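Asker: sequence first, then the predicted structure, then my questions.
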Amino acid sequence: MNIVILAAGMGKRMHSDLPKVLHPVAGRPMLAHVIDTARTLSPSRLVVVVGHGAERVREAVAADDVTFAEQAQQLGTGHAVMQALPQLDDNQPTLVLYGDVPLTTAATLKALVEAAGNTRFGVLTVEMPDPTGYGRIVRDAAGSIVRIVEQKDASEAIRAIREINTGIIVCPTGHLRRWLSTLGNDNAQGEYYLTDTVERAATEGIDIVSAQPAALWETLGVNSKVQLAEVERIHQRNLAQRLLEAGVTLADPARIDVRGELTCGRDVSIDIGCVFEGRVHLGDGVQIGANCVIRNSSIDAGAQVQPFCHIDSAKIGADGRIGPYARLRPGTELGEDVHIGNFVEVKNSQVAAHSKANHLAYVGDATVGARVNIGAGTITCNYDGANKFRTVIEDDVFIGSDTQLVAPVTVRRGATIGAGTTLTKEAPADKLTLSRAKQMTLDAWQRPVKKPKQ
């Protein structure tokens, strides 16, 4: 089948320089959601009609299975589909979707396509309590669809109809090509309406069928930031519902944001205000505290992430303890039962099992062994202003508080580094290494006093 996605509109009510279809829902452009759903139908041709901000739209969704047609002037939906005609296969039906309607499900589209088959004209319709602004579905006495009338062209009697056109249609491509060639723009908008093809089909005796979505929200389009926020909340509610049904405990389903793919094992619990971006996996029994941001990371069974942690492209081993207020940056790999405490940052480092840095430390470009204690205020000095260097800390090392490890440097197995040390050379195994200025007391010293004001 051919699928045409209309994505040429400017979106004036968005009040933004960003093309409307690129505004994000769950962290991805609306158009990307529509394309993903379209792919579930295995189309032979997938054409996106671009217009406003065409180059930006192309760059955002370019893929091997996507081709583009350009609508240089936005003259209506019928005109937009005309631009895609040269790329369509007349031997396959054509399904028309919209880049600003991101929540339509694959199941709904499959039902419409199956109802239409290869010979009928299919229209996705829905009944609304208040249909103001939408094209109305006009049926004859037998209940067959005979035409669609836009709001601005409708009489009072037609405006009373509550069944509306969603804009999503499917029909034989050869017929569509012929009908589009006959469209005029003698209407209130001065545009070429795709919906006028319905009347053409009825006149020729083509069977017109309809299908309805499981929920009204599947057909909601986005034309303003208000509507974008509404669609976002609906989508997040749906994602939260799936997590709950899979056994995840959510402290408040209304206060979670999934901007990618979140998979969870059994007995996972997630507190309020958490954001998950990219691909995130939470193993069995993982607990996520409030207000954490986790991106492209995996957290193994039994780990606990305390509130206000930022985790990006990291791996956390089983039974780890992270935070609160910890930051794990890309390249962080933590072994089993590793503790990373408050105001500790780890970047591009591997930390082996049972090691801990419980507070106020920076571990960057480091290889840390097992059962290592990194004291408060410890810093791996990994950057000389031009290049990065690596720190190696072997098993069973104890690093005293307020230590600077000036890379490249190695701390051998079992070594102890005294508090306040600046380490610039290798620390030998099983020995105490420290560097401190001599402590002095000046008996004659007096603390300065503030001079009286003149």
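Answerer: Structure's in. What do you need?
Asker: point out where this protein drops to low pLDDT.
Answerer: Across the chain, nothing is flagged by pLDDT under 70.
Asker: all helices for it, in order.
Answerer: Using DSSP state H, the helices of the chain run over residues 30-39, 54-61, 77-84, 106-116, 156-159, 173-180, 196-203, 225-245.
Asker: winner for burial among these?
Answerer: Of all the helices of the chain, helix 77-84 has the most neighbours on average by mean count of other C-beta atoms under 10 Å, namely a mean of 23. Just so you know, the C-beta spots here come from the backbone N, C-alpha and C atoms, and that holds for glycine as well.
Asker: dump it to CSV, restricted to CA.
Answerer: Taking C-alpha atoms only, helix 77-84 is exported to CSV below (Å, rounded to 0.1, in the frame of the first residue of the first chain):
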residue,chain,number,x,y,z
THR,A,77,-5.2,19.0,1.6
GLY,A,78,-6.3,17.9,-1.9
HIS,A,79,-3.5,20.0,-3.4
ALA,A,80,-1.0,18.5,-0.9
VAL,A,81,-1.8,14.9,-2.0
MET,A,82,-1.5,15.9,-5.6
GLN,A,83,2.2,16.6,-5.0
ALA,A,84,2.7,13.0,-3.9
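Asker: who are the packing partners of it?
Answerer: Using 3 or more C-beta pairs under 8 Å, 6 or more residues apart in numbering; DSSP states H and E, the elements in contact with helix 77-84 are strand 2-7, strand 45-50, strand 67-70, helix 173-180.
Asker: and the gap between the residue lying farthest from the centre of the chain and residue 438?
Answerer: Ranked by distance from the centre of the chain (C-alpha atoms, centre = their mean), the top residue is residue 444, with 65.8 Å. Note on residue 444: its distance to residue 438, by C-beta to C-beta, to the nearest Å, is 18 Å.
Asker: what of residue 306?
Answerer: Taking C-beta to C-beta, one finds residue 306 at 41 Å from residue 438.
Asker: looking at the two, which is more packed in?
Answerer: For residue 306 versus residue 438, the count of surrounding residues by other C-beta atoms under 10 Å is larger for residue 306: 20 against 4.
Asker: that one contacts residue 289, doesn't it?
Answerer: Yes - contact criterion C-beta atoms under 8 Å: residue 306 and residue 289 qualify, at 4.6 Å.
Asker: and for those two, which residues touch both?
Answerer: Counting by C-beta atoms under 8 Å, 6 or more residues apart in numbering, the shared contacts of residue 306 and residue 289 are 323, 324.
Asker: re the thing from before, now render the helices of the chain as a markdown table, adding distance to residue 252.
Answerer: Below are the helices of the chain laid out as a markdown table (distance: least, C-beta to C-beta, whole Å):
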| stretch | distance to residue 252 |
| --- | --- |
| helix 30-39 | 25 |
| helix 54-61 | 32 |
| helix 77-84 | 40 |
| helix 106-116 | 28 |
| helix 156-159 | 41 |
| helix 173-180 | 47 |
| helix 196-203 | 45 |
| helix 225-245 | 9 |
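Asker: can you tell me which of those comes nearest to residue 90?
Answerer: helix 173-180 (4.6 Å; C-beta to C-beta).
Asker: check which helices and strands that closest one sits against.
Answerer: Checking 3+ C-beta pairs under 8 Å, 6+ apart, helix 173-180 ends up next to helix 77-84, strand 93-98, helix 196-203.
Asker: quick one: which of these is nearest residue 110?
Answerer: Here strand 93-98 is closest among the helices and strands packed on helix 173-180 (C-beta to C-beta), at 10.3 Å.
Asker: relative to the whole chain's centre, how far out is the closest one?
Answerer: Once both centres are worked out by C-alpha atoms, centre = their mean, to the nearest Å, strand 93-98 turns out to sit 25 Å from its chain's centre.
Asker: which elements pack onto it?
Answerer: The contact analysis (3+ C-beta pairs under 8 Å, 6+ apart) places strand 93-98 against strand 2-7, helix 30-39, helix 106-116, strand 163-172, helix 173-180.
Asker: next, format those as TSV and append distance to residue 322.
Answerer: As requested, the helices and strands packed on strand 93-98 are exported to TSV (distance: least, C-beta to C-beta, whole Å):
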stretch	distance to residue 322
strand 2-7	41
helix 30-39	31
helix 106-116	37
strand 163-172	45
helix 173-180	55
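Asker: what sits against the residue nearest to residue 191 when sequence neighbours are not counted?
Answerer: Distances taken as C-beta to C-beta, 6 or more residues apart in numbering place residue 76 nearest to residue 191, at 3.0 Å, with adjacent residues excluded. When contacts are counted by C-beta under 8 Å, 6+ apart, residue 76 touches 185, 189, 191, 192, 193, 194.
Asker: what does residue 68 give?
Answerer: 47, 48, 49, 50, 54, 58.
Asker: can I assume residue 4 is in contact with residue 92?
Answerer: No - the criterion here is C-beta under 8 Å, and residue 4 misses it with residue 92 at 11.7 Å.
Asker: of those two, which one has the most company?
Answerer: Taking other C-beta under 10 Å, residue 4 and residue 92 do not tie; residue 4 has more neighbours (28 against 17).
Asker: ok, that one to residue 32 distance?
Answerer: As judged by C-beta to C-beta, residue 4 and residue 32 stand 16 Å apart.
Asker: ditto for residue 18
Answerer: Distance from residue 18 to residue 32, by C-beta to C-beta: 14 Å.
Asker: who does residue 340 bridge with?
Answerer: residue 322, residue 357 (DSSP bridges).
Asker: neighbours of it, how many?
Answerer: 31.
Asker: change the start of the numbering to 178 and stick with it
Answerer: Okay, using 178 as the starting number, the last item reads as residue 517.
Asker: contacts only, for it.
Answerer: Contacts here follow C-beta under 8 Å, 6+ apart; on that basis residue 517 touches 497, 498, 499, 500, 503, 505, 511, 523, 528, 533, 534.
Asker: again, 6 Å this time
Answerer: The contact partners of residue 517, by C-beta atoms under 6 Å, 6 or more residues apart in numbering, come to 499, 503, 534.
Asker: ok, residue 427 next?
Answerer: Residues near residue 427 by C-beta under 6 Å, 6+ apart: 417, 433, 447.
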